[in-house]
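Enquirer: Just a sequence and a predicted model for now, questions to come.
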Amino acid sequence: MYALVNEVLEIVKYEGIHDQHSVEAGVLIHAMESFDFILAMHLMIDILGITNELSQALQRNDQDIVNAMKLVQVAKQRLQMLRENGWEPLFEEVSRFCNVFEIEVPNIDSKFKARGRLVRKGAEITNFHHYRVDLFYTVVDMQLLKLNNRFSESSTELLLCVACLNPSNMFGAYDKRKLVRLAELYPADFSIVDLVSLDHQLATYIIDMRTSDEFTSLTSIAALAQQIVKAKKNIVYPMVYRLIILALTLPVATATVERAFSAMKIIKHRLRSKMSYACLNDCLVPYIEKEVFDSIPNEVIMQHYQKMQSRMQSL
């Protein structure tokens with residue numbers, strides 16, 4: 001798309017109706033025809049390619065936590081490999097790209113000259129140091145730091161323990177040791193006596209679940225909780241049920257909140273910057289819960305608004 005984008009910008013620059021658009025197009029062309037832009041573009045492609053599978057896995061509603069955590073480790077390893085061995089292949093690829101589009105490639109051993117009014121204080125650096133250390137290493141380290149902060153050892157352990165409650169494949173992910181460990185992470189909800197009771201309940205619970213037809217076809221923890229209440233197993237296994245309810249609250253505090261904030265940026269944009277909190281909430285709920293609202297017939301919605309107050313015309 002690089003050549004096509006440049007071509008469109010050239011048309012806007014020389015044939016644009018508004019002078020402001022022509023100036024903006026010229027500034028963009030100047031930026032895109034620089035080595036810095038090409039290097040940043042290729043580096044972005046490499047990093048997004050490394051984290052793409054992880055991003056897709058984390059955005060799915062039916063998340064496979066075990067595979068997601070494995071993808072986190074793979075992404076960290078690939079980013080570390082990119083940091084250690086990725087500079088030379090990246091520079092060669094960027095240089096070939098620049099030669100195709102006749103973009104000047106700076107001498108890597110020459111003194112780096114900062115653009116604009118920025119003046120570097122202290123020792124002078126080379127282009128090699130600027131592009132490899134200040135840009136390449138910095139960007140990759142930022143991605144590694146973000147993954148390490150978001151998926152620390154404690155949070156990874158928590159998610160892997162929660163995955164043991166998944167009823168898919170006849171509770172194939174079940175691990176009593178990890179489930180007891182999950183309860184130990186929440187001492188306010190599980191006392192020492194509760195942990196002893198949980199240990200014994202889990203041993204009976206898993207045999208009961210795997211030999212009951214109504215539980216063998218379940219695929220999610222939410223469905224498991226509903227079926228347990230329906231079969232009144234929550235009375236038989238109160239500690240296990242408490243653990244399941246605790247596990248169901250975790251996505252609310254993580255993935256669901258992340259999606260809500262992402263949706264907020266879409267709903268409350270620059271043209272709606274003065275939207276009230278009540279209106280924002282009313283817009284966010286239908287946007288986030290699309291599947292629920294899509295199942296409601298339009299006739300029901302119209303009748304609801306029709307009954308809210310008397311209207312001159314029927315909706």
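Expert: Good, I have the coordinates.

Enquirer: Give me the helices and strands touching the helix or strand hosting residue 169, please.
Expert: Secondary structure from DSSP states H and E places residue 169 in helix 168-171. Where contact means 3 or more CB pairs under 8 Å, 6 or more residues apart in numbering; DSSP states H and E, helix 168-171 is packed against helix 192-210. Every residue, glycine included, has its C-beta placed from N, CA and C.

Enquirer: Mind listing residues that contact the helix holding residue 169?
Expert: Helix 168-171 is touched from outside by 206, 209-210, 216, 218-220, with contacts defined as CB atoms under 8 Å, 6 or more residues apart in numbering.

Enquirer: Which one of the residues you listed is nearest to residue 175?
Expert: Taking CB to CB as the measure, residue 206 is the one of the contacts of helix 168-171 closest to residue 175, at 9.9 Å.

Enquirer: residues contacting residue 167?
Expert: With contacts taken as CB under 8 Å, 6+ apart, residue 167 has the following neighbours: 209, 215, 218-221, 223-224.

Enquirer: could you point out which element follows the helix or strand encompassing residue 81?
Expert: Following DSSP H and E, one finds residue 81 within helix 65-85. Scanning forward in sequence from helix 65-85, with DSSP H and E defining helices and strands, the next element found is helix 87-100.

Enquirer: Would you tell me what the next helix or strand after that following helix is?
Expert: With elements assigned by DSSP H and E, the helix or strand that comes after helix 87-100 is helix 127-129.

Enquirer: can you count the residues close to residue 129?
Expert: Here the count is done by other CB atoms under 10 Å, and residue 129 has 14 residues near it.

Enquirer: Walk me through the domains of the chain.
Expert: If you go by automatic domain parsing, the domain ranges for the chain are 34-112+123-151, 154-253, 255-308.

Enquirer: looking at those domains, which is closest to residue 6?
Expert: domain 34-112+123-151 (8.0 Å).

Enquirer: Just the buried residues of the helix holding residue 169, please?
Expert: Within helix 168-171, the residues that count as buried by 16 or more other CB atoms under 10 Å are 168, 171.

Enquirer: Extract the C-alpha trace of it and format it as CSV.
Expert: Output for helix 168-171, consisting of C-alpha atoms alone and laid out as CSV, is shown next (Å, rounded to 0.1, in the frame of the first residue of the first chain):
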residue,chain,number,x,y,z
SER,A,168,-14.6,-28.7,28.3
ASN,A,169,-13.6,-32.2,27.2
MET,A,170,-15.1,-33.7,30.3
PHE,A,171,-13.1,-31.5,32.6
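
Enquirer: Following the chain onward from it, which element is next?
Expert: Scanning forward in sequence from helix 168-171, with DSSP H and E defining helices and strands, the next element found is helix 176-184.
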